[in-house]
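S.K.: just to be clear, the model below is a prediction. Sequence and coordinates:
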Amino acid sequence: MARSLRSRWFTRPLLAGLATLMLLLMAGAAPAWADYALPPLPYAAEALEPVIDATTMTIHHDRHHAAYVANLNAQIGANPRLAELDLEALQGQIADFPDAVRNNGGGHWNHSQFWTVMAPVGQGGTPSTPLLKAINASFGSLESMQTAFNKAAAGRFGSGWAWLIRKPDGTLAITSTANQDNPLMNLSGIERGTPLLGLDVWEHAYYLRYQNRRPDYIAAWWDLVNWSEVNRRFAAA
Ligand SMILES: [Fe+2]
C-alpha cells in the first residue's frame, strides 16, 4: 500500500511534466507546411464519356495523380523550402529542387490543371470575346490555334503535355513540355508563360480507349474543353 502511494506521488507529477514537455516540443516542431492534397475530380469519373472512359479517369486521378501527390509529400522532409511555397509558386522555382520534386510537383500541378479545363460534352461553354480576340491576333483564327495545338500534342515524343499559353509580352503561343514539366517552370528549354489550357498526352491518359491512336484522342478531346475555365485563366493572366 505504502509503496503504491509513493509510486503515485512520484509518477503523477512526472507524467504531467512529460505531457507538458511533449506539448511544447510538438508546438515547436510542428511542420509549418500543410501537406499537398489530391483535389477531387470536379465531376463524376464517367462524366467525360464517351471521349474519356470512366476507367481511365479513375485510374488517372486515383492512382497516377494520387501518386504524384504522395511522392511530392515524401520530399518535404528533405526539402524544407517546400514549406514556404504553394504548389504554383513551386513551379517557378523548380530549378532549385531535385528531380523528384520537379517530376512530382509538376505532375501535381499539371493534373490539378487538367481536371479543371475539362467539362462534360456540351457543358464547356465557348471562348470569351477577349480570349477569341487574343487567339485571332496570335494565330489568325481559333481553328489555326487548334491545328497548332494538335500538332504540338501529336508531335510530343514519348510522354508530356501540349499547352496554350499567354506569354509575358501578352501574346498567345502553343508549346509542349516533356514528362511533367510545364510552362511555369524556370528551366532552360522551356517556353515560359501562363498556361491557359494543357492537354495530357501521356499514354495513361488515353491508351485504354485509343491505344496508339493519340491523334484521335486529341481530336476528340476538344469536345471536353471547359472554355469557361480557360476564359477565367486568360482574364487572370
Ligand atoms: Fe496524366
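M.R.: Nice, thanks for sending it over.
S.K.: pick out the residue closest to the middle of this protein.
M.R.: Centroid-nearest residue in the chain, with CA atoms, centre = their mean: residue 109, separated by 2.1 Å.
S.K.: hang on, it packs against residue 89?
M.R.: No: between residue 109 and residue 89 there is no contact under CB atoms under 8 Å: 10.3 Å. All C-beta spots, glycine's among them, are computed from the backbone N, C-alpha and C.
S.K.: so where is this protein shaky, pLDDT-wise?
M.R.: Within the chain, the segments meeting pLDDT under 70 span 1-34.
S.K.: just give the nearest non-adjacent residue to whichever residue of the chain sits closest to the ion, would you?
M.R.: For the chain and the ion, the shortest gap (CB to the ion) falls at residue 200, measuring 4.2 Å. Once flanking residues are discounted, residue 200 sits nearest to residue 114: 5.3 Å by CB to CB, 6 or more residues apart in numbering.
S.K.: list the contacts of the one you found.
M.R.: By CB atoms under 8 Å, 6 or more residues apart in numbering, the residues touching residue 114 are 198, 199, 200.
S.K.: for the second one, give me phi and psi.
M.R.: According to degrees, to the nearest 10, the main-chain angles of residue 199 amount to phi -110, psi 130.
S.K.: once you drop chain neighbours, what's closest to it?
M.R.: residue 162 is the one closest to residue 199 (CB to CB, 6+ apart), at 4.7 Å.
S.K.: that neighbour - that's part of a strand, no?
M.R.: Yes: secondary structure of residue 162 (DSSP: H, G, I helix; E, B strand; the rest coil): part of a strand.
S.K.: bridging residues for it?
M.R.: residue 176, residue 199 (DSSP bridges).
S.K.: need the contact list for it.
M.R.: By CB under 8 Å, 6+ apart, the contact set of residue 162 is 149, 150, 152, 153, 156, 174, 175, 176, 198, 199, 201, 218.
S.K.: A helix includes the second one, no?
M.R.: Yes: the assignment for residue 150, made by three-state DSSP, places it in a helix.
S.K.: pull up the residues of the chain that are close to the ion.
M.R.: With CB under 5 Å from the ion as the criterion, the chain comes near the ion at residues 200, 202, 205.
S.K.: of the residues you listed, which is the nearest to residue 75?
M.R.: Of all those, residue 75 sits closest to residue 202, with 20.9 Å by CB to CB.
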